[in-house]
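Novice: Build the 3D model from these lines:
(chains A and B)
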Amino acid sequence: MFRNGSTNSSTRLVTLVASALLGLAGALAGAAVPFTEATVTRLQNKVTYGVNVQQRRPAAVQDIIRERNFLLTEIDARAELKYPDGTIVRLGQNTIFSFQAETRTLELKQGALIFYVPDGKGGGLIKTPSLTAAITGTVAAVAVDLAKKTETIVMHEHSVTLLPSGQVIGEGKFVRKNANGSLTVDSFNREKARGGLFSWNGAFPPFREAITTAGLAVNVSDVNQQEILERTVNHPGALGMLGPNPQFGPPPADRTNNRVIVPAPVNGPPERLRPLY
Amino acid sequence: MKIPTLFLTLPALAALSLSLRAQDAKNYAYHSSASRQSQQEIEDIGEIVPPDNESDGKSAAPPPAAIKSKFRFNVGTREEFTSNAKLSGDHSSGDLLSLPTIEGGYHTPLGKYFTFDLAAKVESALYADNNDRGFFGYSADATLDYRPAPNLPRIYISAEPYRYDSFDTGDRVTQAVGTLAGTDWGFAFNGGRSLAYTGYTYGHYFADPSVDNRNSHRVVAGVAHQFAQNLTGQLYYSWQLTDFTDVTRHDTRNMVGVNLIYQFTEHLFGNFASAFIDSDSNVERASYQSVTAAVGLTLQF
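Specialist: Presented below is the predicted three-dimensional model:
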């Protein structure tokens, strides 16, 4: 639980440190490609694109969202944004989202989102009304529930650093600002923390799951398919069913001369090694 | 709307002040009870509860999607041209194959580092010309894998029973239980849109007829790339050594292939694949070369 009775001096000190950290984060983020624009790559149901408070219209796929524009999803609506550096943001229902370019800040005012920021692209900041966290390459979920007055950051991959405290929220942990102002930091059940946004519009993030869900796997399915055909057509048992006896190669002692048909030795091989097909 | 108004005009200093108050390092509460989430939030990001399922009793039931995601059910068909249906000699028996498949699977994490996957498959092959090669078969695959960290190689063991019967005669062609162990590793780059991977698998198959008993070593390496949100392609190479233990037969197979996977909808995938295969055996009749090209559709639930 946080205390409201902090002294003014300590608050000023923390403010100074926070400002310095934010400035440093901003400087680091500024070295990367700014979030100048993002492209809407998929929509579901009613999503509003706002240039500003007065100018708004229904969002459309391929809309370019720029700094300080916002997207508003309504009930049972979702949206996906893609940035030029490969960052992907998926917005859940009843969500208000915008971003800032230079500091590469993703801002969630209400609702829920998941985001993927590739490694080595400069990281950035994730910001809710009460929480600010510095991110590098990360997969995380963020939620702001105005009714319950809770804000949550859930770390699926890598870690974030809360600002200004410097508290690191590691992979497999979440931080939640509760209604009474306290913070909860704990591990979470990864199995249950897989909402619909993780599969909506394909695997998220790219490849980490796609290698299994889309038929892409290190154990390549086409290789397995060929293996099955060999089992039924080309392996010894199948060859025995399908035609006359094939000619075996030379015994192991003479393998260097393969493909040469060697007559069976006078004594013959042991019974179990006799050609069975 | 007021919320966007506030959002767009909220002074950064006010936000900073709020975050300062909320993040006093001395006042973190470390406890396992999770606040109740809205149903909408659970639908979107899942239920955030401690790993041991402890909760304050207020948490909503897990969303159906969380349970459903453990199970999968695929129905697919693949139409393939091969230059060598007999898998003997070089490109001398061109044919068209239909390869329908039904697969059901279950996948679940076991603790922090292990996952378990169980798959059962019914499949068949129908040859346009070489009818005597047609088969239907049943197979299963139980795999336990261990991955110490997301970016480290995966190590796995698996058991794979299978049986194939001839369409032509109704007789069993072969059956076996394979025991396999292997490792694989993928490295994502290009902003996560490309993946280089490699893997090795050792397998021993206890077969009936016993002439199919064998050891195999397989190495696979490849690169996959996501060309668009719904289009993924890959180029791969596979080398496999198969040593039949009850007969004097040793096969070495080289295979290079490409494929494209297009996701039409959330559940429907299209596939194009082509490969060149060169299999060299000390049994002359078992050596072959072939070229394949295939298109397929998979409906995934």
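Novice: C-terminal to the least confident helix or strand in chain A by mean pLDDT, what's the next element?
Specialist: For chain A, using mean pLDDT, DSSP states H and E, the weakest element among its helices and strands is helix A:210-213, scoring a mean of 45. Per DSSP states H and E, helix A:210-213 leads on to helix A:221-229 as the next helix or strand towards the C-terminus.
Novice: Okay, now the unreliable bits of the stretch 151-277 of chain A?
Specialist: Per-residue confidence for the stretch 151-277 of chain A (pLDDT under 70) gives these ranges: A:202-203, A:205-219, A:241-277.
Novice: Can you give the contact residues for the helix or strand hosting B:Leu299?
Specialist: In this structure, B:Leu299 sits in strand B:288-300 according to DSSP H and E. Residues outside strand B:288-300 that contact it (C-beta atoms under 8 Å, 6 or more residues apart in numbering or on different chains) are A:213, A:215, A:222, A:226, A:234, B:72-84, B:86-91, B:99, B:267-279. Every C-beta, even on glycine, is put in place using the N, C-alpha and C of the backbone.
Novice: can we see that at 6 Å?
Specialist: Around strand B:288-300, the neighbours that count as contacts under C-beta atoms under 6 Å, 6 or more residues apart in numbering or on different chains are B:74-84, B:87-88, B:90, B:267-279.
Novice: Let me see the ranges of the helices in the chain.
Specialist: No chain in the question, so chain A it is. Under the criterion DSSP state H, chain A carries helices at the ranges A:8-30, A:210-213, A:221-229, A:236-242.
Novice: actually chain B
Specialist: With DSSP H as the definition, chain B shows helices at residue ranges B:2-9, B:12-22, B:39-45, B:64-68.
Novice: Sheet-wise, list the partners of the strand holding B:Leu299 with their directions.
Specialist: Strand pairing for strand B:288-300, using DSSP bridges, gives strand B:71-82 (antiparallel), strand B:89-90 (parallel), strand B:268-281 (antiparallel).
Novice: Spit out the contact partners of B:Thr183.
Specialist: For B:Thr183, the contacting residues are B:153, B:155, B:200, taking C-beta under 6 Å, 6+ apart as the criterion.
Novice: Any regions of the stretch 151-300 of chain B where pLDDT drops low?
Specialist: When residues are selected by pLDDT under 70, those of the stretch 151-300 of chain B lie in B:151, B:191-192, B:229.
Novice: Quick check: the residue of the stretch 1-150 of chain B found nearest chain A vs A:Lys192, distance?
Specialist: Of all residues in the stretch 1-150 of chain B, the one sitting closest to chain A is B:Asp44 (3.1 Å; C-beta to the nearest C-beta). Here the distance between B:Asp44 and A:Lys192 works out to 13 Å (C-beta to C-beta, to the nearest Å).
Novice: Which one of those two is surrounded by more residues?
Specialist: B:Asp44 (29 against 20; other C-beta atoms under 10 Å in any protein chain shown).
Novice: Count the residues that sit near the residue nearest to that one when sequence neighbours are not counted.
Specialist: With C-beta to C-beta, 6 or more residues apart in numbering or on different chains as the measure, A:Gly92 is the residue that lies nearest to B:Asp44, at 3.1 Å, once sequence neighbours are left out. Other residues near A:Gly92 number 28, with proximity taken as other C-beta under 10 Å.
Novice: And A:Gly92, its phi and psi?
Specialist: Taking degrees, to the nearest 10, you get phi -90, psi -160 for the backbone angles of A:Gly92.
Novice: Next one: it from B:Asn215, what distance?
Specialist: Going from A:Gly92 to B:Asn215 by C-beta to C-beta gives 50 Å.
Novice: quick one on the thing from earlier: ok, of the contacts of B:Thr183, which come out buried?
Specialist: Taking 16 or more other C-beta atoms under 10 Å in any protein chain shown as the criterion, what is buried in those is B:153, B:155, B:200.
Novice: before we move on, back to that, which stretch in the helices of chain B is the model least sure about?
Specialist: Ranked by mean pLDDT, the helices of chain B end with helix B:12-22 in last place, scoring a mean of 34.
Novice: so which of the contacts of B:Thr183 are also by chain A?
Specialist: Among those, no residue lies close to chain A (C-beta under 6 Å from any C-beta of the partner chain).
Novice: returning to that earlier point: filter the contacts of strand B:288-300 down to the buried ones, ChimeraX style.
Specialist: Paste this into ChimeraX to select the buried members of these, with burial taken from 16+ other C-beta under 10 Å:
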select /B:74,76,78,80,81,82,83,84,87,88,269,271,273,274,275,277,279
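Novice: so where's the longest strand in the chain?
Specialist: Using chain A. strand A:105-117 (DSSP state E).
Novice: sorry, should have said chain B
Specialist: Identified as the longest strand of chain B according to DSSP E is strand B:172-189.
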